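**Q** Sequence and predicted structure below; questions after.
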Protein chains: 2
Amino acid sequence: MTAAADRTFSISELAQEFDVTTRAIRFYESEGLLTPERQGQRRIYSRRDRVRLMLTLRGKRIGLSLQEIRELFELYDAANNDEPQLMKFVDILTRREQQLTQQMQDIQLVLREIGQLKAQCEHWMEKRSGGLPD
Amino acid sequence: MTAAADRTFSISELAQEFDVTTRAIRFYESEGLLTPERQGQRRIYSRRDRVRLMLTLRGKRIGLSLQEIRELFELYDAANNDEPQLMKFVDILTRREQQLTQQMQDIQLVLREIGQLKAQCEHWMEKRSGGLPD
DNA sequence: GTTCCAGTTTACGTTAACGTAATCTATGCT
DNA sequence: AGCATAGATTACGTTAACGTAAACTGGAAC
């Protein structure tokens, strides 16, 4: 049933799509973030691998290290474990949650300052271009 | 007038207050982010230096490099220059603005996922502690 | 005086996240 | 067969942001 939803990708396809180098992708694998299959020697990426790459890049954008990203993957995968494991999971998530909230506040502050500065600049520039003597 | 608003700080006072090492503070100076005065050999930090340290740490929290932070300081200081300079300024700010907006979106996504995961975990844990046979 | 103590300088070490060759392999095309 | 092309492996190089250690200084306290 549901024929051929099992699309696969080459390394350079993924590299192109997400604008990263093949080197980076192989590096992520060596760090345990991706686990592509092999056809002989060549890596062959599933849709799952593709999603993991997306998540990896998103994690990076918000300032997670590759290690942390991998830990989250592992926890996510094995989160039907025992209770202490779950506690640890919740703990990590809570901490990160607080960091991110702080980070958002910082960013909002900076965005406001940036807005003001830009307004200032444009104000200055208008003045100058308006007040030129012949 | 306005007597003694000119408070100064030692390096370890600042280190304590902001929870960074003295090494880091000296390093920021070597990178041109701080310019404390000297009493003989010792560094003596003004309120201005203190503000700059705050801004530096805030910049770091939102993922700016020390170089970028210094550039912003320099631009901020000398932003009454000529028009090309102002244009460059606005340009940098705009780019950073876009990055930060993107970053905020990412963070909000992750925060939602974290919320869901935590709810799941707590749900599981309730179930277990509730359904124990004697 | 000497012993702390905070501070300074100098310099080498470290981690993360790849970049950059160099060399080798497999395969499809002509 | 010969060549181009994409991919693989191995290994050394690089940058940022400090850490860490060693050795020195200058005043304060005993």
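**A** Thanks, I have it. Numbers count the residues shown, from 1 in each chain, chains lettered A, B, ... in the order given.
**Q** Burial check on A:F27, number of neighbours?
**A** A:F27 has 14 neighbouring residues, counting by other CB atoms under 10 Å in any protein chain shown. Where you see a C-beta, it was placed from the backbone N, CA and C, and this is true even at glycine.
**Q** Tell me which helix or strand it sits in.
**A** helix A:22-30 (DSSP states H and E).
**Q** neighbouring contacts of that helix?
**A** Contacts of helix A:22-30 with the rest of the structure, by CB atoms under 8 Å, 6 or more residues apart in numbering or on different chains, involve A:I11, A:S12, A:L14, A:A15, A:L34, A:T35, A:P36, A:R43, A:L53, A:T56, A:L66.
**Q** From these, pick the one nearest DNA strand C.
**A** A:L66 (3.5 Å; CB to the nearest atom of the strand).
**Q** Now the closest one: closest residue in space, sequence neighbours ignored.
**A** A:E31 (5.0 Å; CB to CB, 6 or more residues apart in numbering or on different chains).
**Q** check contacts around that neighbour.
**A** A:L66, A:Q67, A:R70.
**Q** Turn those residues into a markdown table, including distance to DNA strand C.
**A** Putting those into a markdown table (distance: CB to the nearest atom of the strand, whole Å) gives the following:
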| residue | distance to DNA strand C |
| --- | --- |
| A:L66 | 4 |
| A:Q67 | 6 |
| A:R70 | 9 |
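**Q** Which one of the residues you listed sits in the busiest neighbourhood?
**A** Greatest neighbour count in the contacts of A:E31, by other CB under 10 Å, goes to A:R70: 18 neighbours.
**Q** Hmm, that residue is touching A:G32, no?
**A** Yes - because the distance of 5.1 Å satisfies CB atoms under 8 Å, A:R70 is recorded as touching A:G32.
**Q** Contacts only, for the residue nearest the centre of chain A.
**A** Centroid-nearest residue in chain A: A:R58, 1.3 Å away (criterion: CA atoms, centre = their mean). Residues counted as contacts of A:R58 (CB under 8 Å, 6+ apart) are B:D106, B:L109, B:V110.
**Q** how about a cut-off of 6 Å?
**A** A:R58 makes contact with B:D106, according to CB atoms under 6 Å, 6 or more residues apart in numbering or on different chains.
**Q** ok, now how distant is it from A:Q108?
**A** 20 Å (CB to CB, to the nearest Å).
**Q** Farthest pair within the contacts of helix A:22-30?
**A** Greatest spacing in the contacts of helix A:22-30, by CB to CB: A:S12 and A:L66 (21.2 Å).
**Q** Would you map the helices across chain A?
**A** A:11-18, A:22-30, A:47-61, A:66-77, A:83-130 (DSSP state H).
**Q** Tell me the pLDDT of A:R26.
**A** pLDDT, A:R26: 97.
**Q** Distance of it relative to A:S46?
**A** 16 Å.
**Q** Ok, A:R70 next?
**A** 18 Å.
**Q** Please apply the same query to A:W124.
**A** From A:W124 to A:S46 the distance is 55 Å (CB to CB).
**Q** Over to A:T21?
**A** 21 Å.
**Q** higher neighbour count, those two?
**A** Legend: neighbour count by other CB under 10 Å for A:T21 and A:S46, higher for A:S46 (16 against 11).
**Q** For that one, grab phi and psi.
**A** phi -90, psi 180 (degrees, to the nearest 10).
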